[in-house]
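In: Make a model of this:
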Amino acid sequence: MNPIELLSDDQYTLVYNALSFGTAVMLGAFVYFLTQMNSVNKEYRPAIAASAVVVGIAGYHYFRIWDAFGEGQMNEGYRYADWLITVPLLVIELLIVLGVATDMRKQLMKTLIPATVLMIGLGYPGEVADSTSTKWIFWALAMVPFVYILYTLNGQLQAAAARETPAVSAAIKNATMVLLITWLVYPIAYLFPVFDDTSGTLETLRQVGYTLADITAKGLYGLMVLGIAKARSNA
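Out: Residues are numbered from 1 along each chain as shown. Prediction:
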């Protein structure tokens, strides 16, 4: 069943407006991050460039989702194509701005990047499956790399906070909270169709939840990464 068919007129309008808002935020953030490239020291500019690329790619995919939704189609493939590109970039920008040593960063990327690809790749079959058991299986499989990624990144964030100045440490701790809380939205929203695949309310919450989580994990998180980079530059 087309998920849009579950929605009432008001629910359809809410999701449509949320997707429009997501598109505008991502594209606006893309321009803003480009203007901030020279506001941080040279070694942190790749992280800000990564933030710009992340929201730029997300803005494109959100426009495609929004446009298709306006024509009565909900193509979850656009979300997963976006996540497949942007989630590895989010990991890379974080490792850069945390000042992780080059050798350690390369070592972490060899495990974290494949883990992000595996997580997204395992999530998609369950997302589009009609069978509840199939959704549960792929959810459980995707949670293995998901937990590994969060555990590893949280460890790096805590280690970085412990070796920084108070201002930088506070910025890193705030970023840690945003990272952990926002990423937990995805596996919860993913399961809404398992609980009730005929509920327009749950489908609305799922689509709006994904959108708000993306805005936070990409736009707001990018702003926090920029704040860490500026604090480190000032220090």
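In: so where's this structure shaky on pLDDT?
Out: 1, 235 (pLDDT under 70).
In: all helices of it, in order?
Out: 9-35, 45-70, 76-97, 102-128, 132-162, 166-190, 192-195, 200-214, 221-234 (DSSP state H).
In: Now tabulate those in CSV and tack on distance to residue 3.
Out: Heads up, the C-betas are built off the backbone N, CA and C, glycines and all. Putting the helices of the chain into CSV (distance: least, Cβ to Cβ, whole Å) gives the following:
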stretch, distance to residue 3
helix 9-35, 9
helix 45-70, 10
helix 76-97, 9
helix 102-128, 11
helix 132-162, 14
helix 166-190, 13
helix 192-195, 8
helix 200-214, 5
helix 221-234, 27
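In: Dump these into TSV; add mean neighbour count as well.
Out: What follows is these, written out as TSV (neighbours: other Cβ atoms under 10 Å):
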stretch	mean neighbour count
helix 9-35	17
helix 45-70	21
helix 76-97	21
helix 102-128	16
helix 132-162	16
helix 166-190	17
helix 192-195	16
helix 200-214	20
helix 221-234	21
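In: What lies in contact with stretch 71-85?
Out: 2-4, 57-58, 61-62, 64-65, 68, 117, 120-121, 123-124, 127-128, 207, 210, 214 (Cβ atoms under 8 Å, 6 or more residues apart in numbering).
In: what about 7 Å?
Out: 2-4, 57-58, 61, 64-65, 68, 117, 120, 124, 127-128, 210 (Cβ atoms under 7 Å, 6 or more residues apart in numbering).
In: Same question for stretch 15-27.
Out: The contact list for stretch 15-27 (Cβ under 7 Å, 6+ apart) reads 7, 55, 58-59, 62-63, 65-66, 69-70, 204, 207-208, 211, 214-215, 218-219.
In: try 8 Å
Out: Contacts of stretch 15-27 (Cβ under 8 Å, 6+ apart): 7, 55-56, 58-59, 62-63, 65-66, 69-70, 204, 207-208, 211-212, 214-215, 218-219.
In: Figure out how far that stretch is from the centre of its chain.
Out: 15 Å (Cα atoms, centre = their mean, to the nearest Å).
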